[in-house]
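Q: generate coordinates for the sequence data below:
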Amino acid sequence: MTRVGRVERTTKETSVLVEIDLDGTGRTELSTGVGFYDHMLDQLGRHGLFDLTVSTEGDLHIDTHHTIEDTALALGAAFRQALGDKVGVYRFGNCTVPLDESLAQVTVDLSGRPYLVHTEPENIAPMIGSYDTTMTRHILESFVAQAQVALHVHVPYGRNAHHIVECQFKALARALRYASERDPRAAGILPSTKGAL
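A: Presented below is the predicted three-dimensional model:
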């Protein structure tokens, strides 16, 4: 059984296509028009071992906000679609990733209930190329809303903005991978005492 999600989302501001295969090899094809965001989505695919295709055309003549936000919404929806009924998955995943002076701790629950807790250093530089660093939290909020997962992301320290953001995406990739992988001891079992996720 394949676990693939495909979402197309079109508004007056953006046109987005996202495809994700949870049981892939980390192959990515990415084009959002925002270089650093493509770099972060590449981290997500490669470290999560998700085959990930993202093609977004947005109103970049205004700024990058709509492009980044709508891509994250479509990504969350595609991830949820790919999970299917969640029978046999681990459900919980966590990972801690260092990147030089920065550290990210990410924990996820494929709970069916969207919730985000996010902390990072307040002194982070405002821009990385055309990427507004305040969008990192908004990406996570948008993903969580559509994926319907509980996500806790904590960066207790870091100085370099690139490192602070990148270690979050790497840790997120691994946590999502661990949570969504099939548990060989739980084949045919939904990991919930209430019978629904």
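Q: run through the strands of this structure in chain order.
A: Defined through DSSP state E, the strands belonging to the chain, from first to last, are 4-10, 14-21, 28-31, 51-58, 92-99, 102-109, 115-119, 127-128, 131-132, 150-157.
Q: angle of the second one against strand 51-58?
A: When you say that, I think you mean strand 14-21. Put simply, strand 14-21 runs at 180 degrees to strand 51-58, going by axes from the mean of the first three to the mean of the last three C-alpha atoms, to 10 degrees.
Q: neighbouring contacts of strand 14-21?
A: Contacts made with strand 14-21 from outside it, assessed by C-beta atoms under 8 Å, 6 or more residues apart in numbering, are listed as 2-10, 50-59, 66-67, 70-71, 73-75, 77-79, 82. For glycine as for every other residue, the C-beta is placed from the backbone atoms N, C-alpha and C.
Q: of those, select the buried ones using a PyMOL command.
A: Isolation of the buried members of these (16 or more other C-beta atoms under 10 Å) is achieved in PyMOL through the command below:
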select buried, resi 3+4+5+7+9+50+51+52+53+54+56+58+66+67+70+71+73+74+75+77+78+79+82
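Q: roughly how far apart are the residue nearest to D70 when sequence neighbours are not counted and A150?
A: Once flanking residues are discounted, D70 sits nearest to T14: 4.2 Å by C-beta to C-beta, 6 or more residues apart in numbering. As for T14, its distance to A150 is 27 Å (criterion: C-beta to C-beta, to the nearest Å).
Q: more neighbours: which of those two?
A: For T14 against A150, the residue with the higher neighbour count under other C-beta atoms under 10 Å is T14, and the figures read 21 against 18.
Q: roughly how far does R91 sit from S15?
A: If you go by C-beta to C-beta, the gap between R91 and S15 works out to 33 Å.
Q: then A171?
A: 30 Å.
Q: kindly report the same for M127.
A: Counting by C-beta to C-beta, the gap from M127 to S15 is 25 Å.
Q: do D100 as well
A: Following C-beta to C-beta, the distance that separates D100 from S15 is 36 Å.
Q: who has more neighbours out of the two?
A: Between D100 and S15, counting by other C-beta under 10 Å, S15 is the more crowded of the two (15 against 12).
Q: quick one: pLDDT of that one?
A: What the model reports for S15 is a pLDDT of 98.
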